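> here is a sequence together with a model predicted from it:
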Amino acid sequence: MVTWIAGMLMLTVKLSLVLGVLLFLAAYLVWAERKFLGRLQVRYGPNRAGKFGLLQPIADSIKMITKEDIVPTAADPVLFMLAPAVVAITALLMFAVVPFGPAVVLWGREIPMVITDINVGLLYVFALSSLGVYGVALGGWASNSKFALLGGIRGAAQMISYELSLGLSLVPVVMMARSFSLVDIVAAQADYPFIIFQPVAFIIFFISAVAESKRIPFDLPEAENELGAGFHMEYSGMRFGLFFIGEYVHMQVFGALLAVFFLGGWHGPLLPPVIWLLIKIIVISLFMIWMRGTLPRLRYDQLMTFGWKVLIPAALVNIVVTGAFILI
Amino acid sequence: MTFYTILFYILAALIIVTTGLAITRRNMVHTIVYLVFSFFGSAMLFYLLGAPLLAALEVIIYAGAIMILFLFIIMMLKEEAPESRLFPFRQWLPATLLGFAYLVLGSLLVVSADPETGEPLQIATASPAMFGEYLFRTHWLAIEIASLLLLIALVGALRLGRFDESESRKAEDAS
């Protein structure tokens, strides 16, 4: 019974810590994005609330929460209210299998530094990312607006296309680590990170991850100048905020997954493991913001051609080549 | 009654209720959402039986890929809520006959089964590696047949896509 209670307590502490850090980082990634983008476009970015605009995320969240929650009369109310939650929940839940350090011994108990280490961790991530598509597609459909519907259709098509290359690019990683568990995959990179052996897979995974989180140059589902705001056009207040949280948590999750699959996870010299993972997540997120400031949006046919005719064949060839090397 | 038994009955009730709702709803998007919940319940059931790999695959393939494709197609069609009406008589007759036959056969199977089948299955956890090895060692022929079928479907889809393109070009030339 004592073990059970201690385990439960430990799990609650880990869950609340991870949730807190994720939401805090999401809020400040929005700030960083606005500040960094501002500098890239030769303007200041937010600088009114607090020093360097540091209180801007807090002001924004107060505004979101106190705004009126509008459900359009023609909308499908239940699905309309459910869709933003699906996006945010699936993004947050993905973090449950990401290891953020080696197991720690505390009061004679070994505490694994991961919320849950299931033996199909990688597939769990894919299951959640494929369920996340429902948030976008249903949000677009339930709004009962032409622009939102177009955004939802684009989102669904884009996300299922790039999920394929996302999955295929990780097959070589699983072949090298010989496990689906994220803890084992990090352990297999104790000496060298996989990016040295799998640079092609790294690039394919990174591009697909940007497409999955619907960021520029792949932001067709919310293309502002054609569709208004795409699938989340009819949303207001905190429901819109949930879509936003979902997007920024997605950036962090994909940053963490890139770190886990290719950059050695929490492995790193001198600094403690958790700090290394955080640094990797933040650097990858900043890189995504930099890309947003640099690249124009793709056309829809370019997006589909690139996904199906370049990324997927390249990922398949990469699997064959890796298999040949492992056999030799 | 153990904890697992209670979970099983909750999940079984969820699957039956959502599947029933999926059959009876007239709004096609609602149908899909209920069906997704049903698949999700089945995935949880697989997990409860100690097959996390099957659970993950059920969610990825059925709930994640196939239902999204259905949703995609329904969103592309102009959605009209079909008026509520009963099916014509010629559809009722085979449906009733088949349903009755299924009911009789099902009850016969339950009645004539070994008393041992009433025992619940033992929970056995299989790691993905063990599962894969078993599958590819003992059922390789079935896998080959399934992949051949998928290859044929792929070639067929390619052919249909090509055909459509040349047709539209002809139409363009004509106009």
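Perfect, I can see it now.
> quick check: the gap between the closest residue to A:Gly53 other than its chain neighbours and A:Val30.
Leaving out its chain neighbours, the residue that sits closest to A:Gly53 by Cβ to Cβ, 6 or more residues apart in numbering or on different chains is A:Pro46, at 3.5 Å. No exception for glycine: its C-beta is placed from N, CA and C like everyone else's. Computed as Cβ to Cβ, to the nearest Å, the A:Pro46 to A:Val30 distance reads 9 Å.
> and A:Ser61, by the same measure?
10 Å.
> and B:Tyr47, by the same measure?
For B:Tyr47 relative to A:Val30 (Cβ to Cβ), the value is 35 Å.
> same question for B:Leu35.
36 Å.
> and those two? which has more neighbours close in?
B:Leu35 (22 against 19; other Cβ atoms under 10 Å in any protein chain shown).
> what's the helix or strand for the more buried one?
If you go by DSSP states H and E, B:Leu35 is part of helix B:28-48.
> any part of that helix near chain A?
Yes. Contact of helix B:28-48 with chain A (Cβ under 8 Å from any Cβ of the partner chain) involves B:29-30, B:33, B:36, B:43.
> got the phi and psi for A:Ile111?
When read as degrees, to the nearest 10, the backbone of A:Ile111 gives phi -110, psi 110.
> quick check, A:Pro72 in a strand?
No. Read with DSSP: H, G, I helix; E, B strand; the rest coil, A:Pro72 is coil and lies in no strand.
> and it, how close does it get to A:Met233?
10 Å.
> which residues do these two both contact?
Both A:Pro72 and A:Met233 are contacted by A:143, A:145, under the criterion Cβ atoms under 8 Å, 6 or more residues apart in numbering or on different chains.
> looking at those two, which is more packed in?
Per other Cβ under 10 Å, whichever of A:Pro72 and A:Met233 has more neighbours is A:Met233, with 21 against 16.
> what helices and strands are in contact with the helix holding B:Leu35?
Where contact means 3 or more Cβ pairs under 8 Å, 6 or more residues apart in numbering or on different chains; DSSP states H and E, helix B:28-48 is packed against helix A:77-93, helix A:121-142, helix B:3-24, helix B:52-57, helix B:67-76.
> what about 6 Å?
helix B:3-24, helix B:52-57, helix B:67-76 (3 or more Cβ pairs under 6 Å, 6 or more residues apart in numbering or on different chains; DSSP states H and E).
> and those helices as TSV, adding distance to A:Leu15, mean pLDDT and mean neighbour count?
As requested, the helices and strands packed on helix B:28-48 are exported to TSV (distance: least, Cβ to Cβ, whole Å; pLDDT from 0 to 100; neighbours: other Cβ atoms under 10 Å in any protein chain shown):
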stretch	distance to A:Leu15	mean pLDDT	mean neighbour count
helix B:3-24	21	89	13
helix B:52-57	20	86	22
helix B:67-76	29	84	17
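> measure how buried the residue in the stretch 1-150 of chain A that chain B sits nearest to is and give me the count.
Nearest residue of the stretch 1-150 of chain A to chain B (Cβ to the nearest Cβ) works out as A:Ser130 at 2.7 Å. Applying other Cβ under 10 Å, we find 24 residues neighbouring A:Ser130.
> for A:Ile216, same thing?
When neighbours are counted by other Cβ under 10 Å, A:Ile216 registers 19.
> so the spatially closest residue to B:Ser127 that is not a sequence neighbour, which of the three states?
Distances taken as Cβ to Cβ, 6+ apart place A:Asn119 nearest to B:Ser127, at 5.5 Å, with adjacent residues excluded. Applying three-state DSSP to A:Asn119 yields a three-state assignment of coil.
> how near is A:Asn119 to B:Ala101?
The gap separating A:Asn119 from B:Ala101 is 42 Å, by Cβ to Cβ.
> the more surrounded of the two?
A:Asn119 (20 against 10).
> quick revisit: roughly how far does the residue nearest to A:Gly53 sit from B:Leu103?
67 Å.
> output the set of residues of the stretch 101-250 of chain A in proximity to chain B.
On the criterion Cβ under 6 Å from any Cβ of the partner chain, chain B has as its neighbours in the stretch 101-250 of chain A the residues A:118-120, A:123-124, A:126-127, A:130, A:133, A:137, A:141, A:153, A:156, A:160, A:180.
> by neighbours, which of those wins?
So for these (other Cβ under 10 Å), the most neighbours sit at A:Ala137, 31 neighbours.
> what about the closest residue to it other than its chain neighbours, is that helix, strand or coil?
Nearest residue to A:Ala137, sequence neighbours excluded (Cβ to Cβ, 6+ apart): A:Ala156, at 4.2 Å. State at A:Ala156, reduced to three classes by three-state DSSP: helix.
> show me the contacts for A:Ala156.
By Cβ atoms under 6 Å, 6 or more residues apart in numbering or on different chains, the contact set of A:Ala156 is A:133, A:137, B:68, B:72.
> and these, which is closest to A:Thr3?
Of all those, A:Val133 has the smallest distance to A:Thr3: 39.5 Å, by Cβ to Cβ.
> and the closest residue to the closest one other than its chain neighbours, how many neighbours?
With Cβ to Cβ, 6+ apart as the criterion, A:Val133 has its nearest non-adjacent residue at 4.6 Å, and that residue is A:Met159. Neighbour count for A:Met159, taken as other Cβ under 10 Å: 26.
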